[in-house]
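> quick one, fold the following:
(one chain, ligands or ions: 1)
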Amino acid sequence: MNGRLIVFEGVDGTGKSTQLERLAVALEAAGYEVVRTGEPYAGSEAGRRIRGMAKSGKPVEPETELAWFLEQRRDHVREVILPALERGAIVLSDRYYLSTVAYQGARGFDWEKLLRDHESEGFPAPDLVLLLDLDPGAGLARVKLRGDVAEPVFEEQHFLDRVRAVYLQIQRPYLQLIDATGTPDSVTAAIRAASSERLGLL
Ligand code: TYD
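Coordinates of the predicted model:
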């Protein structure tokens with residue numbers, strides 16, 4: 001597989017989608033084929049179930065939620081990520097398995113086991129994870145500023161504090177912490193530097 005898998009992670013409101021789009025444009029300008037994608041993967045029935053649940057404000061059992069995230073990820077990997085990597089594209093994904101490690105870890109599952117399980121199940125490991133780090137209070141303020149209503153199932157400050165705490169404990173060589181408190185341009189610059197230094201892409 002010649003492609004590259006670059007993932008954006010972080011609590012809600014850290015600027016993942018803005019930064020993903022900026023990196024996509026820069027990579028395309030440099031001549032790469034870029035595939036933009038994300039999770040929950042809308043092409044999957046399980047992904048649509050998750051979105052419906054989040055919008056309804058009615059949580060399901062944590063075991064069910066975890067099973068749905070795994071199901072949509074298998075669909076996502078099979079339908080989007082693997083084919084793109086096999087033809088040599090650069091895949092930019094808004095969330096991937098570290099979201100399950102951090103969010104479902106914060107729900108009470110053993111996050112280290114979730115990480116090991118993903119690795120042993122054969123999900124392709126990311127080449128680079130850009131962890132956009134921001135105080136969840138500031139992230140939620142941004143979510144509201146852009147006119148979105150915080151999703152009650154996932155976007156409660158005390159819950160997101162735990163999500164962030166898990167993210168910050170993960171240690172993997174592909175993980176790059178990005179301070180997301182600065183201006184969007186300063187975050188873009190940090191992401192470009194990481195892509196260049198770690199993957200030689202820009
Ligand atoms: P989404 O609506 O894509 O959030 P946003 O676009 O606002 O980042 O995703 C819904 C929520 O799902 C998001 O708050 C994070 C959560 N989530 C998990 O709990 N586990 C996972 O594995 C993934 C991919 C997302």
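> mind checking which helix or strand residue 37 is in?
Residue 37 is part of strand 34-38, with elements assigned from DSSP states H and E.
> that strand packs against which elements?
helix 16-29, strand 90-94 (3 or more Cβ pairs under 8 Å, 6 or more residues apart in numbering; DSSP states H and E). For every residue, glycine as well, the C-beta is placed using N, CA and C.
> CA atoms of the shortest one as PDB?
Same thing as strand 90-94. This file holds the C-alpha atoms of strand 90-94, laid out as PDB (Å, rounded to 0.1, in the frame of the first residue of the first chain):
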ATOM      1  CA  ILE A  90      -3.600  10.400   0.700                       C
ATOM      2  CA  VAL A  91      -6.700   9.800   2.900                       C
ATOM      3  CA  LEU A  92      -7.600  12.600   5.300                       C
ATOM      4  CA  SER A  93     -10.100  11.400   7.900                       C
ATOM      5  CA  ASP A  94     -12.000  13.500  10.300                       C
END
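> tell me if it is near the ligand.
No: using Cβ under 6 Å from any ligand atom, strand 90-94 never reaches the ligand; the gap is at least 6.7 Å.
> mind checking what helix or strand follows that strand in sequence?
Counting by DSSP H and E, what follows strand 90-94 is helix 97-99.
> show me what counts as buried in that following helix.
97-99 (16 or more other Cβ atoms under 10 Å).
> can you give me the pLDDT of the most far-flung residue of the chain relative to its centre?
For the chain, the largest distance from the centre (Cα atoms, centre = their mean) belongs to residue 31, which lies 24.3 Å off. Here, the pLDDT recorded for residue 31 equals 96.
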